[in-house]
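**Student:** here are the coordinates; sequence isn't available:
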């Protein structure tokens, strides 16, 4: 396939634009509901809810964000009472992050809205198309991280 000279035709640019459009849409909904968190903070809450007791380093790796950015987000989520840090016994410089009861309730309460947004983003796609698209994205990620 020939490489396009127009940025709008570059697949990675299209993926980035689609991702940003999704984030803008969901952030607008969060703001309308006055949830007081960003999409990036929501993603951290979801990851922590699915995999409790992760370290900041693992969260940074999973989200492709730098550790300083994760620290800032975790500080905000801690101040809001959504997450708690517990130092590990092995290394007093490392801590594990988990949801508080307030954090668990927050995720449970707002997850249906986020699922609705996800469903909206894939309207009109067949199951086969979604599986192919997922496979393509996974391959792009593997190509770029190899």
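**Tutor:** Right, received. Where do you want to start? Given the structure is predicted, the values throughout are model-derived calculations rather than measurements.
**Student:** Go through stretch 93-101 and flag the buried ones.
**Tutor:** Neighbour counts using 16 or more other C-beta atoms under 10 Å place 95, 96, 97, 98, 99 of stretch 93-101 among the buried residues. C-beta coordinates here come from the backbone N, C-alpha and C atoms, glycine included.
**Student:** List the buried residues for the helix or strand containing residue 69?
**Tutor:** Following DSSP states H and E, one finds residue 69 within helix 67-79. Within helix 67-79, the residues that qualify as buried are 70, 73, 74, 76, 77, counting by 16+ other C-beta under 10 Å.
**Student:** Mind putting those residues into a markdown table with distance to residue 44 and pLDDT?
**Tutor:** Shown next, in a markdown table, are those (distance: C-beta to C-beta, whole Å; pLDDT from 0 to 100):
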| residue | distance to residue 44 | pLDDT |
| --- | --- | --- |
| 70 | 7 | 94 |
| 73 | 6 | 96 |
| 74 | 7 | 95 |
| 76 | 10 | 97 |
| 77 | 7 | 97 |
